[in-house]
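In: Sequence and predicted model, in that order:
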Amino acid sequence: MTESDSRRPGRIIRSPQNFVAGLALIAIALFAIWAVSDLSQGSLRIIGPAMMPRWIAIFIGVAGLMFLVGGFIFDGAPLDRWHLRGPFFICTGMILFALTIKTPGFLIAGPLTIILVGYGTTEVRKFELIAFAAGMTAFCIVLFVTILDQPIPVLNIPGTHIRF
Amino acid sequence: MMFDLFQNLGLGLTVAVSLHNLALCFAGCLLGTLVGVLPGIGPIATIAILLPVTFGLEPVSALIMLAGIYYGAQYGSSTTAILLSIPGETSSVVTVLDGHQMARQGRAGVALGIAAIGSFFAGTVSTLVIAALGEPLTRLALVFGPAEYFSLLVMGLIFAVVLARGSIFKAVTMILVGILLSTIGPDLTTGQLRMTFGIPWMADGIEIAVLGMGMFGIAEVFRNLEARTRGDVFHGHIGRLLPSREDLAQSAMPILRGTAVGAALGILPGNGAVLGSFASYTIEKKLAADPSRFGRGAIEGVAGPESANNAGAQTSFIPLLTLGIPPNAVMAIMVGAMTLHGIVPGPTVLTRTPELFWGLVASMWIGNLMLLIINLPLVGLWVKFLRVPYRLMFVGIVIFCCIAVYSINREPGDIIVLTALAVFGYALSKFGFEPAPMTLGFVLGRMMEENLRQALIISQGRFMTFVERPLSACLLAVAAVLLVIAFLPAIKASREKAFVESDK
């Protein structure tokens, strides 16, 4: 979409970006209000746990409404394109890391994550990435576990006595 | 007074020059220069990644290293801005305009040299400013009650909004979202869990380091992956590094003015390092006898902004160390670092642990000296780091973030939080929102809630307490006036113009 496109008169939504941002903010606000609905707001004298989140959420909701309305009135930017390849591979890789770091440990979690994350770009080169995964895993173990003494399980196979 | 100042700096020097601390200061500066050079990663994500590594260190050593990363990055980012027209950090965006032109005219070395000299001068002055303002501001902070603190936080947030880039309204919204995120986790007085949905690893709320890595580490990777600019390689030669007498004469006043502007803006909430460099460039262009030279390799356009960004980076430690209020996102992460080491940011830093305060301040001057020495001869080496292809670099950033997040609490669930925050950060950029005000809101939100609650307990629920107490009323009045001024049409226009300068 070019700029002139979005400024075309006669369009109902003149700033799609602000319009959708407004919707998202209202959704966040409603969600937060619902999430603290079972907590007490207390009084001004003794503020309860729900006071701050609820009122901030209400403000966010109002701001969202203003973006929404503004989206009809003022010309603004069109929606940006989302590129999903990077986020998809990286998020999957990170979730995999979370699932495998305790058992079987970094020796497995590291290379798996690195290779998966590496596919987040179209410029990926298979063999280079595999070599990088091997080198990086060794480097991280030496740096974080051996030198910096971080609490990272290297290898932990249940049912055996293998624990590093 | 003057005597005290130097005595205190002397105390700081004895702390900072221990071999251990010198080594860590050096490591921080080196690492800072590196992340400053690399456009894909900045000081916020780096400091967050390194937090768990500093667990085993003395608090003062940890802070010395982490601080070095921040001001080191100001030196590093100018290098690539000048040589390759790629600013490593936003604070060097304006340096590109004239710095890269100078490089194209074969004066790359002089540009680098004057940037380093200006930065060093600014760093030295800012160290003295911190030392001079430390005690008075601490004394002021000690008389603050919860009501004054609450009003100060409100004023700070409004400053941050007005001095932020882009839409004021969007920045306000982001601060609110940050405050909302900060309320996730246990309520401070009743201990009731809020918005954790019974998930055990959500029970402690969101860790600031995780937020920093998600917003400025991984989300940045997402953004970079969609717009890869081909890695530029510097082919020309750098030339002589030392500026000639004429260059120095031309740069002296811009360096002085840049230092003053940067130091002042650094103390105020908002990103002083970025804003300072923009402001300095605008000033130099206005004052120049022949403004048309700007953009064509005017040395003032490098000397001023580069001094300003380093001054701003350093003086932004002042509100953190004396009032306990982080003025920008980097300092917000530093709050996390201090908290992890059991130090409460604020006036007690100076009263209870003077050796930590002065040690950190003295280390900044030492760090600046190190940067001046290591930077210039190593320029060639830094530029080589840019040849690391991004297709591998981003993988490294992601894996480092994963390891760091896991090491904070040994909790894999935190990595899930990191993933969610990264996606959220990417979404924000798609709608033109900035993550920095959110980070600030996140840290200040917790403080605000605590102080609001205490102030209302003391005043027995009377909201008027905030305007009845004179100091608190003053702070709120300043905040209100500032907000009104920011929305005046004339100011609004010039505020927008000040930032557009570089976007060409």
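Out: All right, it came through fine.
In: distance of B:Gly212 from B:Glu220?
Out: Computed with CB to CB, to the nearest Å, the distance linking B:Gly212 and B:Glu220 is 11 Å. All C-beta spots, glycine's among them, are computed from the backbone N, C-alpha and C.
In: And the pLDDT at the most centrally placed residue in chain A?
Out: In chain A, the residue lying closest to the centroid (CA atoms, centre = their mean) is A:Cys91, at 7.9 Å. pLDDT, A:Cys91: 97.
In: host element of the spatially closest residue to it that is not a sequence neighbour?
Out: Computed as CB to CB, 6 or more residues apart in numbering or on different chains, the closest residue to A:Cys91 that is not its neighbour in sequence is B:Thr419, at 5.1 Å. Assigned by DSSP states H and E, B:Thr419 belongs to helix B:413-430.
In: Off-centre distance for that helix?
Out: Shown here is helix B:413-430, whose average C-alpha point lies 21 Å from the average C-alpha point of the whole chain (CA atoms, centre = their mean, to the nearest Å).
In: same thing with stretch B:383-401?
Out: Average the C-alpha atoms of stretch B:383-401, do the same for its chain, and the two points are 22 Å apart (CA atoms, centre = their mean).
In: List the buried residues of it.
Out: If you call a residue buried by 16 or more other CB atoms under 10 Å in any protein chain shown, then stretch B:383-401 has these buried ones: B:383, B:386, B:390-401.
In: okay, it in CSV with CA atoms only?
Out: Included here for stretch B:383-401 are C-alpha records, laid out as CSV according to Å, rounded to 0.1, in the frame of the first residue of the first chain:
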residue,chain,number,x,y,z
VAL,B,383,35.0,-2.6,11.9
LYS,B,384,36.0,-6.2,11.2
PHE,B,385,33.3,-7.3,13.7
LEU,B,386,30.8,-6.0,11.3
ARG,B,387,31.8,-8.7,8.8
VAL,B,388,30.1,-11.3,11.1
PRO,B,389,27.1,-12.1,9.0
TYR,B,390,23.8,-11.2,10.6
ARG,B,391,22.4,-14.7,9.8
LEU,B,392,24.7,-16.0,12.5
MET,B,393,24.8,-13.0,14.8
PHE,B,394,21.1,-13.1,15.5
VAL,B,395,21.2,-16.8,16.4
GLY,B,396,23.9,-15.9,18.9
ILE,B,397,21.8,-13.1,20.4
VAL,B,398,18.9,-15.4,20.8
ILE,B,399,20.8,-18.2,22.5
PHE,B,400,22.6,-15.8,24.9
CYS,B,401,19.2,-14.3,25.9
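In: and chain A, which of the buried residues of stretch B:383-401 contact it?
Out: The subset of the buried residues of stretch B:383-401 within reach of chain A, by CB under 8 Å from any CB of the partner chain, is B:Tyr390, B:Arg391, B:Leu392, B:Phe394, B:Val395, B:Gly396, B:Val398, B:Ile399, B:Phe400.
In: Using CSV, lay out the residues you listed together with pLDDT.
Out: What follows is these, written out as CSV (pLDDT from 0 to 100):
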residue, pLDDT
B:Tyr390, 86
B:Arg391, 89
B:Leu392, 91
B:Phe394, 92
B:Val395, 94
B:Gly396, 92
B:Val398, 95
B:Ile399, 95
B:Phe400, 92
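In: Out of those, name the ones that lie in helices.
Out: Restricting these to those inside helices, with DSSP state H as the criterion, leaves B:Tyr390, B:Arg391, B:Leu392, B:Phe394, B:Val395, B:Gly396, B:Val398, B:Ile399, B:Phe400.
In: so what's the last one closest to, chain neighbours aside?
Out: Same thing as B:Phe400. Per CB to CB, 6+ apart, closest to B:Phe400 is B:Ile49, 5.2 Å.
In: What is the host helix or strand of that neighbour packed up against?
Out: If you go by DSSP H and E, B:Ile49 is part of helix B:43-50. Judged by 3 or more CB pairs under 8 Å, 6 or more residues apart in numbering or on different chains; DSSP states H and E, the packing partners of helix B:43-50 are helix B:19-37, helix B:59-84, helix B:208-212, helix B:329-340, helix B:390-409.
In: C-alpha coordinates for that helix, PDB please?
Out: Listed in PDB are the C-alpha atoms of helix B:43-50, where the atom choice follows Å, rounded to 0.1, in the frame of the first residue of the first chain:
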ATOM      1  CA  PRO B  43      23.400  -1.700  25.700                       C
ATOM      2  CA  ILE B  44      20.000  -2.500  27.200                       C
ATOM      3  CA  ALA B  45      19.900  -6.100  26.000                       C
ATOM      4  CA  THR B  46      23.600  -6.600  26.800                       C
ATOM      5  CA  ILE B  47      23.300  -5.400  30.300                       C
ATOM      6  CA  ALA B  48      20.200  -7.600  30.800                       C
ATOM      7  CA  ILE B  49      22.100 -10.600  29.400                       C
ATOM      8  CA  LEU B  50      25.000 -10.000  31.700                       C
END
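In: what mean pLDDT does it have?
Out: For helix B:43-50, mean pLDDT is 90.
In: Show the contacting residues for the spatially most distant residue from the centre of chain A.
Out: In chain A, counting by CA atoms, centre = their mean, A:Arg45 sits farthest out from the average C-alpha position, at 37.4 Å. With contacts defined as CB atoms under 8 Å, 6 or more residues apart in numbering or on different chains, A:Arg45 is in contact with B:Leu456, B:Ile457, B:Gln460, B:Gly461.
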